[in-house]
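Q: turn this into a structure:
(2 chains)
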Amino acid sequence: MKKTIYEINERIKSGKAVVFTAEEIISVVEEKGVKKAFEEVDVVTTGTFGPMCSSGMFINFGHSSPPIRMNKVWLNDVPAFAGIAAVDAYIGATEQSERLGMQYGGAHVIEDFIKGKDIVLYAESYGTDCYPRKDIKTTINKYNVNQAYMFNPRNCYQNYAAATNSTDKIMYTYMGTLLPEFGNVTYSTSGELSPLLNDPEYRTIGIGTRVFIGGAQGYVAWEGTQHDPNQERLENGVPVGGAGTLALIGDAKKMSSRYIKAAIYEKYGVSMFVGVGIPIPILDEDILLKTTVRNRDIHTLLVDKSGKEDLNIRLNYEQLRSGVVEIRGKKVPTAPLSSLKFAREIATELKSLIQKGEFILTEPVEKLRTNGQRLNKLEEREVKP
Amino acid sequence: MKTIKVSLKYPLNSITTPLVSTLVKKYNVEVNILHANISLNKIGTLIADITGEEKDIEDALDFIVKQDGIRYKIFSNKLIWQEEDCVHCGACTAVCPSNALTMNKETWCLEFSKEKCLVCGLCTKACPLNVMSLQA
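A: Numbering: from 1, shown residues only, chains lettered A, B, ... in the order given. This is a model prediction of the structure:
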C-alpha cells in the first residue's frame, strides 16, 4: 500500500491528517510497528534553527521621481548588491556595515526589515538618459517596497562536521569559540529532527517542495550550493559528511523575527539564524522508517579547525549531545551551535499548521540530485594578461 | 557576613606561604575556589568566593597583597542574561569555564547558575545574539 500526496492533502484539507514531529515518530513506530504506523501517519514534520551564512534577500524598492538606475546601494550603511535592474538589490546576510563593521550586517538589516522597522536606503548612480538621478537617500520598510523575498543559496546542510582546536591558541570561528588544546567541541545540527536527515535520499524533498521558512511558507528553489550527495553513507542512507543542501525561497514580508535572527560570531563575522521546517509526506513504509532515525544513528566527523591535525574521529549525535566526548583519551566538553529548542518549536508549529489545514504539501517538480558531480576545488590557474 | 568574588593573579616566581589555609585559619574566612590554574613558572589565576565578617575579609585582602607579587581584583560586575531574546543555541556553553551556563538535556534550554558564574565575560563575546552582558 502506498499513499499519494493528493490523498494526504485531502486529509489535511478535511482536518483529519495525522501528523507527528520527527522526534515523536520514533516512539510511535516503536510502539505500533512500521506497518500499523504507516497506515495511520500522514506526515512527519522536521525542523532546524541554526546559523546559515548563505542567506539573503532580494528587494525591489520601486521607482523614485525622477528615477535612478541604482548602481551602488546601502541599507543602514550595509552594502547591498545592485548589479541587477535599476531598483532591485540583494542584501547578503554576512555583508558588514561600512562604519560598524561586524557589529551590524546584512542579517541585522533583514531582521530589522522583518520587524517592520524603517531602513535607510542610500543609492548612487552615474546617471543615464533614462535614469538621470545620481543619488537618493530615503527610508524603506516592508510595507512600502514592492517585493522582498529571501533567497538563500544554501540552507539546511544535511549533516556537518563537529569542530575542535588542537593548537595552543584560542580560535574564533564560524563554529564558535574553540578553546586551545582540544578545550571544547562544537557541533551544529538538530540531528534526528533535521530535515534532510529524515529524508536522507531526497525521496520526498525536492525542487518545489513547500517549506516553512522564517515563519512563512516558502519553497525549495534548487539544490543548494555545495550540494554533494556522493558522500559516504551509513546503511540507513545517512551521510557521514555534509552532503545535501537546499536553496530556499520565501516571502520576507510574511516572515517573523522569531525565526530569523542576526548573529555575530566573534572575530569571524555576521551570520543569520534561519528557522526551517520541512514536512515529509509518508508515502510508503521506507519513507516512514527513514524518519525514525535516531541521534545515535547519525554520525559525523570531528575536524580540527586549525587544519593541523587529521583526527580521524567519528562521533554520533547521541555522544555529542551527552555533553562530553573523548579525544585521544581526554574528556572534552561539547556545545551545540544550533538551537534544538527552536527547532522543536518549528517542527511543532508546522505540525499544527498541517493539522489545521493551513499548510498543504506539494509534490516536487524535480528530484534533488542523488549522484553526479562531486564538489570541485578552486584551482589556482595561470591568468593570461 | 558577606561574600565577595575575587580573582588572584599569581606571579611567575613561586609563593612560599600557604595562602588559602592561612586565610581560613588566621583570618577566619571561608574560601570557595571556583577556578584555579596555577603551575610552576607560569602566571597563575585563582578565582574564589571569600565569605566572612567585613573586617576579616578586609584583613584577609591586606594579607594577600603583602604576599610577593600576588594581586587581587574584586569582581563587582554581574552577568546579565536577557533571557527573552535568547535562542538557546548553546554557543556560550562552549566557553563557560565553570559550568555556570549549561544546556538542560531535556528541554535544551540554556540554564544559568549565578553561584557558579566567575563573571569572566567569555560568554558575552561568544554569544552570537549579544544577550549576555556584564553589569557593574
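Q: contact residues of chain A facing chain B?
A: Applying C-beta under 8 Å from any C-beta of the partner chain, we find that chain A lies next to chain B at A:49-51, A:176-179, A:184, A:186, A:261-266, A:271, A:273, A:321, A:323, A:333, A:335-342, A:344. Every residue, glycine included, has its C-beta placed from N, CA and C.
Q: quick one: contacts for A:Ala226?
A: For the record, residue A:226 is Gln, not Ala. Taking C-beta atoms under 8 Å, 6 or more residues apart in numbering or on different chains, we find A:Gln226 in contact with A:Arg154, A:Gly242, A:Thr245, A:Leu375.
Q: ok, so of the residues you listed, who is nearest B:Ser39?
A: B:Ser39 has its nearest neighbour among the contacts of A:Gln226 in A:Gly242, at 40.3 Å by C-beta to C-beta.
Q: can you give me the pLDDT of the closest residue to that closest one other than its chain neighbours?
A: Once flanking residues are discounted, A:Gly242 sits nearest to A:Tyr157: 5.5 Å by C-beta to C-beta, 6 or more residues apart in numbering or on different chains. At A:Tyr157, the model reports a pLDDT of 97.
Q: and B:Ser14, by the same measure?
A: The model's pLDDT for B:Ser14 equals 65.
Q: before we move on, the earlier item: what helix or strand is the residue nearest to A:Gly242 on?
A: Assigned by DSSP states H and E, A:Tyr157 falls within no helix or strand.
Q: with B:Ile64 instead?
A: Counting by DSSP H and E, B:Ile64 is part of helix B:54-66.
Q: for that helix, packing partners?
A: Counting contacts by 3 or more C-beta pairs under 8 Å, 6 or more residues apart in numbering or on different chains; DSSP states H and E, helix B:54-66 is packed against strand B:2-10, helix B:19-27, strand B:44-52, strand B:71-74.
Q: now it and strand B:44-52, what's the angle there?
A: Orientation of helix B:54-66 against strand B:44-52 (axes from the mean of the first three to the mean of the last three C-alpha atoms, to 10 degrees) gives an angle of 160 degrees.
Q: tell me how many other residues crowd the residue of the stretch 151-300 of chain A found nearest chain B.
A: Chain B sits closest to A:Ala263 of the stretch 151-300 of chain A, with a gap of 3.6 Å, by C-beta to the nearest C-beta. When neighbours are defined as other C-beta atoms under 10 Å in any protein chain shown, A:Ala263 has 29 of them.
Q: what sits against it?
A: A:Pro51, A:Ala107, A:Val270, A:Ser271, A:Met272, A:Phe273, B:Pro128, B:Leu129.
Q: now render the helices and strands packed on helix B:54-66 as JSON lines, adding mean neighbour count.
A: JSON lines is the format used below for these (neighbours: other C-beta atoms under 10 Å in any protein chain shown):
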{"stretch": "strand B:2-10", "mean neighbour count": "17"}
{"stretch": "helix B:19-27", "mean neighbour count": "16"}
{"stretch": "strand B:44-52", "mean neighbour count": "19"}
{"stretch": "strand B:71-74", "mean neighbour count": "13"}
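Q: follow-up on the earlier one: strands - which of the residues of chain A next to chain B land there?
A: A:49-51, A:176-178, A:186, A:261-265, A:271, A:273, A:333, A:335-336 (DSSP state E).
Q: which bits of chain B sit near chain A?
A: Residues of chain B lying near chain A (C-beta under 8 Å from any C-beta): B:87-91, B:93-95, B:103, B:105, B:107-109, B:122, B:125-126, B:128-130.
Q: buried only: go through the ones in strands among the residues of chain A next to chain B for me.
A: With burial judged by 16 or more other C-beta atoms under 10 Å in any protein chain shown, the buried subset of these is A:49-51, A:176-178, A:186, A:261-265, A:271, A:273, A:333, A:335-336.
Q: re earlier: nearest to A:Ser27 among the helices and strands packed on helix B:54-66 would be which one?
A: Judged by C-beta to C-beta, the one of the helices and strands packed on helix B:54-66 that comes nearest to A:Ser27 is strand B:44-52, at 44.1 Å.
Q: ok, that closest one: who's next to it in the sheet?
A: strand B:2-10 (antiparallel), strand B:30-37 (antiparallel) (DSSP bridges).
Q: chain center to it: distance?
A: Taking C-alpha atoms, centre = their mean, to the nearest Å, one finds strand B:44-52 lying 7 Å from the centre of the chain it belongs to.
Q: restricted to strands, list the contacts of A:Gln226.
A: Among these, the ones falling in strands (DSSP E) are A:Arg154.
Q: include distance to A:Ser125 and neighbour count when you put the contacts of A:Gln226 into JSON lines, please.
A: Listed next are the contacts of A:Gln226 as JSON lines, based on distance: C-beta to C-beta, whole Å; neighbours: other C-beta atoms under 10 Å in any protein chain shown:
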{"residue": "A:Arg154", "distance to A:Ser125": "31", "neighbour count": "18"}
{"residue": "A:Gly242", "distance to A:Ser125": "41", "neighbour count": "18"}
{"residue": "A:Thr245", "distance to A:Ser125": "36", "neighbour count": "25"}
{"residue": "A:Leu375", "distance to A:Ser125": "39", "neighbour count": "11"}
